[in-house]
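# please find the sequence and the predicted model below.
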Amino acid sequence: MSDRRAWVRRRLLLGVLQIAGLLLLVFALTEALPGDAAVAFAGDQPDPERIERVRELMGLDRPAGERFAEWVGGLLRGDPGVSLVTGRPVTEYLAAGFGPTLLLAGVTLVILVPLAVGLGVLAARREGGPVDRLISTVTLGLYAVPEFALGVLLTVVFALWLGWLPPTAIGYGTDPLVTPLVLVLPVMVLLARPVCSISRLVRAGMIEAMASGHVAQARRYGVSAVRVRWTHALPHAAAPAAQQVARTADWLLGGVIVVETLFVVPGLGTVLMDAVAARDIPVIQGLAVLFGTVTVLLNLGADLVAHRFAPRLEVAA
């Protein structure tokens, strides 16, 4: 028990250090971006004096260390700043984009986990047989198709040819819940790759677990095959699969730019593209901190789950 608590403390400390390093890295990278919001705000053919006046008004002429300290202090108070272009709080941009992205990610994960685990367990049960080969072939084939190409293909088939689904979210407002059919094509595209990777991990973990000594011992004691699979073998496969699910959730909550752009979903990916085009540094920094913090927290949770199910695995810290 003491070893587990020490491991948890080390992992939590590592998470705090990662977030601190993230803040420094985000600020340094945004400082290194070519140009700034003053150039974009000053017009198409600005003169240097106008650019300098705009920089002074926006506070961009102050030392980087001073701006970094003020920015970190604002983050600790829950205030990531205001947009240099519109003057609106960054939190408004995050709130506006987070809803559609969270909804898209949530629906995808709710379908993804049981589907991927079920396919992985089924493939492991039929190892080497036609079902296993069929699942492997289809999943590997889907994994090889780029998101953009798959999205275009599904749009042509289901939206243009068959007319079953709307091709984009245009004309359906900012709340996808009003018209759930808007989510179908984006979710199908988002499911394709994670289903392949997670089902493959579950399959490999199940096959390894079924050949292990503790499963053989359970069989000798007369434990049923169903119980052996779901209570002895599956937890062994859950550790790497949980980490992959965390990476997938991070990818989804980070704003899937390609999918959101293709289907015109007003999520965080779209907000990020608009901010980069406008050189709106506070919005870019706020989004980067949100994405990075989500990544750290999800991986922390995945490591805790992996350590719970398979404490002998070296997962972190």
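Perfect, thanks for sending it. Bear in mind that the values here come from a model prediction, so they are computed numbers and not experimental data. Numbering: from 1, shown residues only.
# who are the contact partners of Trp164?
Phe158 (CB atoms under 8 Å, 6 or more residues apart in numbering). For glycine as for every other residue, the C-beta is placed from the backbone atoms N, C-alpha and C.
# doesn't it fall inside a strand?
No - secondary structure of Trp164 (DSSP: H, G, I helix; E, B strand; the rest coil): coil, not part of a strand.
# mind listing the helices for the protein?
Taking DSSP state H, the helices of the chain run over residues 2-31, 37-41, 48-58, 64-76, 90-125, 130-144, 147-154, 184-210, 213-220, 225-227, 234-253, 257-262, 268-278, 281-309.
# in CSV: those, plus mean pLDDT.
Shown next, in CSV, are the helices of the chain (pLDDT from 0 to 100):
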stretch, mean pLDDT
helix 2-31, 81
helix 37-41, 61
helix 48-58, 68
helix 64-76, 82
helix 90-125, 86
helix 130-144, 86
helix 147-154, 85
helix 184-210, 84
helix 213-220, 68
helix 225-227, 69
helix 234-253, 75
helix 257-262, 80
helix 268-278, 82
helix 281-309, 79
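# dump these to JSON lines, plus distance to Trp164.
What follows is the helices of the chain, written out as JSON lines (distance: least, CB to CB, whole Å):
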{"stretch": "helix 2-31", "distance to Trp164": "42"}
{"stretch": "helix 37-41", "distance to Trp164": "42"}
{"stretch": "helix 48-58", "distance to Trp164": "49"}
{"stretch": "helix 64-76", "distance to Trp164": "45"}
{"stretch": "helix 90-125", "distance to Trp164": "18"}
{"stretch": "helix 130-144", "distance to Trp164": "20"}
{"stretch": "helix 147-154", "distance to Trp164": "11"}
{"stretch": "helix 184-210", "distance to Trp164": "9"}
{"stretch": "helix 213-220", "distance to Trp164": "45"}
{"stretch": "helix 225-227", "distance to Trp164": "38"}
{"stretch": "helix 234-253", "distance to Trp164": "24"}
{"stretch": "helix 257-262", "distance to Trp164": "18"}
{"stretch": "helix 268-278", "distance to Trp164": "25"}
{"stretch": "helix 281-309", "distance to Trp164": "33"}
